[in-house]
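Student: Test case, fold it:
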Amino acid sequence: MSDFAGKVVVITGAGSGIGRALALNLAEKGARLALSDFDSVGLAETVRQVEALGAEVKSDHLDVTQREAVLAYADAVVAHFGKVNQIYNNAGIAYHGEFSKSEFKDIERIMDVDFWGVVNGTKAFLPHLIASGDGHVVNVSSLFGLLSMPGQSAYNSAKFAVRGFTESLRQEMLIAKHPVKVTCVHPGGIKTAIARNATAGPGEDLAVFAEFFDKKLARTTPEQAAKVIVNGVQKGKARVLIGADAKFLDAWVRLVGSSYQRVVAEIAGRVLPKAK
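Tutor: Alright, predicted model coming up:
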């Protein structure tokens, strides 16, 4: 029996990418799954695949930015399964654009999904995780929650916020001695559709940026990422780094401190696609 057998696991953003890979990985380990996504078509395909593995599944269309809907969703999941053991706040979107040219609405949208979506999910499910006696919060940040990049001010803001929120929450759970572990995940370049589905600021060629991301930066498969995450959760790790890029750059930033910013700016100015 795996450590996940019979556990009730909630995964947001389960319609594709890391979310789908997590669902499949945990289905194979005997978990009972509550899957959600804004993309109903992608979610349906994930459900089809996990049900083929024999998993018990509850699936729901969910917009993680809608707080009342997320709170109601948590109650519905508990009513269906009787408990919740783990939540993977994985839903996220991307945006590429210079801050000076970006609109407030573009930045707010990223914060609403990538940061507030994590907060909403955690707040809604935390009482149930505590009540389970064996809870775990897994929040997906990013490599860009460890270092910043030009053109990513909105995404960096959200992912740094997820990191700070998650690390603080872990400390609070330790102080209160609640039976809830907390893990922050920092994926590097993952072979998902996040860049192709991103939005972009004025003058940015999204197709060129997506091609650059897919060919130059995305090195790790979602399946590999899910395996690393699940292994980290099983070990109760506070931080999980995914990919050689995330591990190297995390160590490099720790070593050189704030001077990394000038180096990144110089390299990015040469290799990143230029805005028109």
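Student: in the chain, which spans are helices?
Tutor: In order along the chain, the chain carries the following helices (DSSP state H): 17-28, 40-52, 67-81, 104-110, 117-132, 153-176, 206-212, 222-235, 244-256, 260-271.
Student: Rebuild the ones you listed as CSV, extending it with mean neighbour count.
Tutor: Yep, even glycine has a C-beta here, placed from its N, CA and C like the rest. Output for the helices of the chain, formatted as CSV (neighbours: other C-beta atoms under 10 Å):
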stretch, mean neighbour count
helix 17-28, 25
helix 40-52, 16
helix 67-81, 16
helix 104-110, 15
helix 117-132, 21
helix 153-176, 18
helix 206-212, 17
helix 222-235, 19
helix 244-256, 15
helix 260-271, 12
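Student: any low-confidence regions in the stretch 1-150 of the chain?
Tutor: Across the stretch 1-150 of the chain, the ranges flagged by pLDDT under 70 are 1.
Student: Can you read off the pLDDT for residue 218?
Tutor: Residue 218 is assigned a predicted lDDT (pLDDT) of 69.
Student: same deal with residue 253?
Tutor: According to the predicted model, the pLDDT of residue 253 comes to 97.
Student: For it, give its distance to residue 25.
Tutor: When C-beta to C-beta, to the nearest Å is the yardstick, residue 253 and residue 25 sit 29 Å from each other.
Student: same thing with residue 127?
Tutor: When distance is defined by C-beta to C-beta, residue 127 is 27 Å away from residue 25.
Student: Same question for residue 3.
Tutor: Distance check for residue 3 against residue 25: by C-beta to C-beta, it reads 13 Å.
Student: Nearest to residue 61 among the helices of the chain would be which one?
Tutor: When the helices of the chain are compared for distance to residue 61 using C-beta to C-beta, the nearest one is helix 40-52, at 5.0 Å.
Student: Return the distance of that closest one from the chain's centre.
Tutor: The gap between the average C-alpha position of helix 40-52 and the chain average comes to 19 Å, counting by C-alpha atoms, centre = their mean, to the nearest Å.
Student: Who are the packing partners of the longest strand seen in the chain?
Tutor: Of all the segments assigned as strand in the chain under DSSP state E, the longest by residue count is strand 180-187. Applying 3 or more C-beta pairs under 8 Å, 6 or more residues apart in numbering; DSSP states H and E, one finds that strand 180-187 makes contact with helix 117-132, strand 135-140, helix 153-176, helix 222-235, strand 239-242, helix 244-256.
Student: counting contacts, what elements does the longest one pack onto?
Tutor: Using 3+ C-beta pairs under 8 Å, 6+ apart as the contact criterion, the neighbours of helix 153-176 among helices and strands are strand 95-96, helix 104-110, helix 117-132, strand 135-140, strand 180-187.
Student: between that helix and strand 180-187, how many degrees?
Tutor: For helix 153-176 against strand 180-187, the angle by axes from the mean of the first three to the mean of the last three C-alpha atoms, to 10 degrees is 160 degrees.
Student: Run through who's touching helix 153-176.
Tutor: By C-beta atoms under 8 Å, 6 or more residues apart in numbering, the list of residues contacting helix 153-176 from outside reads 94-99, 102, 106-107, 110-111, 113-115, 118-119, 122, 137, 139-142, 144-146, 148-149, 180-184, 186, 238.
Student: could you flag which of those residues are buried?
Tutor: Judged by neighbour count, with 16 or more other C-beta atoms under 10 Å as the criterion, the buried members of the contacts of helix 153-176 are 94-97, 102, 106-107, 110-111, 113-115, 118-119, 122, 137, 139-142, 144-146, 148-149, 180-184, 186.
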